[in-house]
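Participant: Model the structure of this input:
(chains A and B)
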There are 2 protein chains.
Amino acid sequence: MAVTRPPALVALRFDGAALYALDQTALPFNEVELELASAADVAAAIRRLSIRGAPLIGVAAAYGVAAELTRDPSQESLEAACELLRDARPTAVNLSYAVDRVRQAVLRADPAEVAAAAVAEAQAIDAEEAAASDAMARHGAELLASARRVMTHCNTGALAAPGRGTALAVIAELAQRGSLQGVVATESRPLLQGARLTVYELTKLGIDHELVVDGAAAGLIAGGEIDAVIVGCDRVAANGDVANKVGTYGLALAAQATGIPFVVAGPTTTIDATCASAAEIQIEQRDADEVRCAAGAALTVAGTRCRNPAFDLTPAGLISALVTERGIAAPVDGASIRALLAR
Amino acid sequence: MAVTRPPALVALRFDGAALYALDQTALPFNEVELELASAADVAAAIRRLSIRGAPLIGVAAAYGVAAELTRDPSQESLEAACELLRDARPTAVNLSYAVDRVRQAVLRADPAEVAAAAVAEAQAIDAEEAAASDAMARHGAELLASARRVMTHCNTGALAAPGRGTALAVIAELAQRGSLQGVVATESRPLLQGARLTVYELTKLGIDHELVVDGAAAGLIAGGEIDAVIVGCDRVAANGDVANKVGTYGLALAAQATGIPFVVAGPTTTIDATCASAAEIQIEQRDADEVRCAAGAALTVAGTRCRNPAFDLTPAGLISALVTERGIAAPVDGASIRALLAR
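Facilitator: Residues are numbered from 1 along each chain as shown, chains lettered A, B, ... in the order given. Below you'll find the model as predicted:
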């Protein structure tokens, strides 16, 4: 069931039985809230990107397990919900992290209280991620205190993670501290999370911004118009390699060529210590129609074959710093990541 | 006046008094021919990209002067037409090259024959560019004889230049020689010349191809899926720096990072020997609505400020080879360009 929602930007809310999510596929044109009462509802919303952003899909999946257990608190129900939600999308590690935490909490709980235990664990993850967002904002703003003109890619704000988000939380903090002159947002084809969601968030935040097509980003960087690039991440390998929204790697190359910082922000829940390097990260391939169309309009010859990787891989060596809630890893490598995780 | 045209791909034809152009803004969905009977008609068609591609707008402008002189063969008419067409777009040097050649031919002509002289000169430029296309195809195909999977950007085929085009002529020649496995075409936002025009041409040519969003290109290159990148050019400076469709520079960085050839193809008429380096090339900034929309569909919050450079600048050092009708400059630098122009 979809209902029009009030203007405040609340990406997710849980009422004890169902998860309500702002449908991100409808933004910025329609603010519609989806009622998701089962694990299947939540998994479908994650797959079609009504809910997206690595930290946010983790929290949504946690609530999805909780919602399912309020309907059917059986062991079978738990395992089916966990499997469904863990596999909703393949690249972000946050899904399996959050689902596994809720599952463990349920397995530890009194059999009469499994739903309550799941809800409490999902809420704990949500609160931790929101606190992580604030901490990332502070660490990132200190790191980029001298950056006046910042470029960002995809959407990494309150629509992508609890609290204020990841990279966009850093940008919002820089704006609050008064040092930011403006943001250049890339549109982030194919699904235009930059044009649709980041512009929507920056408009709500009152932060001065300009939108560019993805192909224009490297030239603007080379032209000296950008002081730093900051992006989020969908998975960070143990060696610091990063999987993030397709197009990220090209921005990292351009930042390196021009000698400006290329900064990645994400909670430590996005680090996959079991993944040695980018070579082990599975890149989700999405439907060709996302490339063939934009906002419902056909762009090319019908039936054109497309490649549509949702993510690309940026080697750690191109990343100036990884900003997490526990602090900053710089240079980004296996040692600095291990030190971060040991804090 | 727009008329539906037969299926053969003829970007421009001149009937002695008016220029007929396939309206490239309507492709691939509608094949509509525009009748352009004056310099103002041709300039407007070039400005709104109904006719585009550096060599093609040069030839169209030459026919535009000729069309104007068939209506009014006065000196004032000549000068006004030349000024209007030279300034239709700022980045490609082909416009002023072609217009100045027609103007000189007219000034040399018998006053009673200025229209005929203009038509003859425009036809000569058209024929020379078509011959250049064939020569580029041969030189480029020899250079890239071992490339199986080629990436290209924007549109550089028969819709962009007389004959078979520039970079796409090389690709067509590779396909004809049987060595090509497939082409990856970037969509080339904002105006989607890759998705709309290159896919249309490759489909007509029967060449196996896949379409990707611009942001996916660097990751595919890094993933080892591309053997060479070949693009066209809108202006080549005396030192070999290249202005081309926005997004080109990022592809050059990605090709360099992975160690595959990054090749630029264009006729020597695209070389501006009076321009020392990219720093002197004016980059056309186009309307924000091109970024805010795609295929007529709104993509972002209404009124969003955009930056919309039509081109970017690729330094000569990132270019493996410049393929022209006179041969190949490699490495690309002032000396190799001078040697090419002296042939």
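Participant: So which elements touch the strand or helix carrying A:V229?
Facilitator: Assigned by DSSP states H and E, A:V229 belongs to strand A:228-231. In terms of contacts (3 or more C-beta pairs under 8 Å, 6 or more residues apart in numbering or on different chains; DSSP states H and E), strand A:228-231 is packed against strand A:149-152, helix A:167-177, helix A:248-258, strand A:262-265. Backbone N, C-alpha and C define where each C-beta goes, glycine included.
Participant: so of the ones you listed, which one's packed in deepest?
Facilitator: strand A:262-265 (a mean of 28; mean count of other C-beta atoms under 10 Å in any protein chain shown).
Participant: After that strand, which helix or strand is next?
Facilitator: The helix or strand immediately downstream of strand A:262-265 is strand A:271-272, counting by DSSP H and E.
Participant: Just the buried positions in the helix or strand just after that following strand, please.
Facilitator: The first helix or strand that comes after strand A:271-272 along the chain, using DSSP H and E, is helix A:289-292. Taking 16 or more other C-beta atoms under 10 Å in any protein chain shown as the neighbour-count basis, helix A:289-292 is seen to contain the buried residues A:290-292.
Participant: Could you do stretch A:183-203 as well?
Facilitator: Within stretch A:183-203, the residues scored as buried using 16+ other C-beta under 10 Å are A:183-202.
Participant: Name the strands paired with the strand holding A:V229 and say parallel or antiparallel.
Facilitator: The partner list of strand A:228-231 in its sheet, established with DSSP bridges, is strand A:149-152 (parallel), strand A:262-265 (parallel).
Participant: Can stretch A:17-25 be said to contact chain B?
Facilitator: No: judged by C-beta under 8 Å from any C-beta of the partner chain, stretch A:17-25 makes no contact with chain B; its nearest approach is 13.0 Å.
Participant: Check which residues of that stretch are buried.
Facilitator: A:18-24.
Participant: circling back: keep only those of the buried residues of stretch A:183-203 that are in strands.
Facilitator: A:183-186 (DSSP state E).
Participant: residues making contact with the strand holding A:V229?
Facilitator: The list of residues contacting strand A:228-231 from outside it, by C-beta atoms under 8 Å, 6 or more residues apart in numbering or on different chains, reads A:140, A:144, A:147, A:150-154, A:156, A:167, A:170-171, A:221, A:244-245, A:248, A:251-252, A:254-255, A:260-265, A:323.
Participant: Checking A:L180 next. Helix, strand or coil?
Facilitator: Here A:L180 is recorded as coil under DSSP: H, G, I helix; E, B strand; the rest coil.
Participant: and it, how many neighbours?
Facilitator: Neighbour count of A:L180, defined by other C-beta atoms under 10 Å in any protein chain shown: 21.
Participant: Show me what the helix or strand harbouring A:I46 packs onto, helices and strands only.
Facilitator: In this structure, A:I46 sits in helix A:39-47 according to DSSP H and E. Counting contacts by 3+ C-beta pairs under 8 Å, 6+ apart, the secondary-structure elements packed against helix A:39-47 are strand A:19-22, strand A:32-36, helix A:54-71, helix A:75-86.
Participant: can I get these in CSV with mean pLDDT?
Facilitator: Formatted as CSV, the entries for these read as follows, by pLDDT from 0 to 100:
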stretch, mean pLDDT
strand A:19-22, 97
strand A:32-36, 96
helix A:54-71, 97
helix A:75-86, 97
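Participant: now, of the ones you listed, which is deepest in the fold?
Facilitator: The highest average neighbour count among the helices and strands packed on helix A:39-47, using mean count of other C-beta under 10 Å, belongs to helix A:54-71 at a mean of 28.
Participant: For that helix, name the packing helices and strands.
Facilitator: Other elements packing on helix A:54-71 under the criterion 3+ C-beta pairs under 8 Å, 6+ apart are strand A:12-14, strand A:19-22, helix A:39-47, helix A:75-86, helix A:94-108, helix A:114-143.
Participant: Reformat the ones you listed as TSV; add distance to A:C306.
Facilitator: Conversion of the helices and strands packed on helix A:54-71 to TSV gives the following (distance: least, C-beta to C-beta, whole Å):
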stretch	distance to A:C306
strand A:12-14	31
strand A:19-22	28
helix A:39-47	18
helix A:75-86	27
helix A:94-108	25
helix A:114-143	33
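Participant: out of those, nearest to B:G206?
Facilitator: Ranking the helices and strands packed on helix A:54-71 by their distance to B:G206 (criterion: C-beta to C-beta) puts helix A:39-47 first, at 35.7 Å.
Participant: can you give me the offset of the closest one from its chain's centre?
Facilitator: 16 Å (C-alpha atoms, centre = their mean, to the nearest Å).
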